[in-house]
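Engineer: how would this look folded up:
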Amino acid sequence: MIRLDSLTRLGLAALGALIITGALLAIAAQLVSERPSVQDLTSPVAVSLVIMPQEDKAPEPERQREPEPPKKPPTLEFAPQLPMPSLGSSAPAGVVVNLDPSLFSSMAPMGDLVFNAGDLDQPPRATVKTAANYPYRARQRRIEGTVTVRFLVRRDGTVGEVIIESADPAGVFDQAVLDAVSNWRFEPGRLSGEAVAAWVRQPLVFKLDGGRR
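Structural biologist: Below is the predicted model of the structure:
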């Protein structure tokens, strides 16, 4: 066998070490080239913003509420069957009306009713009609005036309620008229020949030259 000396062995070992080291460096370089580069996020980045103008949209018109349809009136499910009157008879067949005579007897007689003098066949006629006193203060101040009075003539001819309807001037001749009219006497008014109560309206005029009437 051929024996290698020590120098040859050392050379072969160094060559093998170089080959292995070169192979490892080549593999490391390939791995480094395939590794992605890491970006530094802390470094400032320029960003440009582009704002696009928006189109103005017209507002949508409000929807008008449609009017509700009118409610139909409720219909009656039941329609009463009324008997039709016969042309040949004065009352429907099978219908009898009985009137109680006491209903007519309970009605007030005409003498208890009150009418207006203008509605009577004969209005009330004065039999005693004293003149009203002219108030002293009105005479001294030469005040004239008119009082329209409305009074009730009863069936016996006496005067009942007396109402002052208007007075000009007010409150000057009112009491004198009330005192005078309350003492008047009448022939009562008549309707269909029967004495009835009636309202009478009459103006009383106060004048200094001719007194009062």
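Engineer: what's the distance between the residue lying closest to V128 once chain neighbours are set aside and R125?
Structural biologist: What sits nearest to V128 in space, not counting adjacent residues and going by C-beta to C-beta, 6 or more residues apart in numbering, is R185, at 3.9 Å. C-beta coordinates here come from the backbone N, C-alpha and C atoms, glycine included. For R185, the distance to R125 (C-beta to C-beta, to the nearest Å) stands at 10 Å.
Engineer: those two - which one has more neighbours?
Structural biologist: R185 (15 against 12; other C-beta atoms under 10 Å).
Engineer: I figured that one was touching A126, is that so?
Structural biologist: Yes. R185 lies in contact with A126 (C-beta atoms under 8 Å); the separation is 7.3 Å.
Engineer: can you list the weak-confidence ranges in this structure?
Structural biologist: Filtered on pLDDT under 70, the chain yields the residue ranges 1-5, 32-67, 72-111, 210-213.
Engineer: report the beta-bridge partners for G189.
Structural biologist: Taking DSSP bridges as the rule, G189 bridges to V196.
Engineer: contact partners for it?
Structural biologist: By C-beta atoms under 8 Å, 6 or more residues apart in numbering, the contact list for G189 reads 115, 117, 120, 122-124, 153, 195-198.
Engineer: and P169, by the same measure?
Structural biologist: By C-beta under 8 Å, 6+ apart, P169 lies in contact with 143, 145.
Engineer: can you tell me how far it sits from E144?
Structural biologist: 9 Å.
Engineer: swap in V200?
Structural biologist: Distance from V200 to E144, by C-beta to C-beta: 24 Å.
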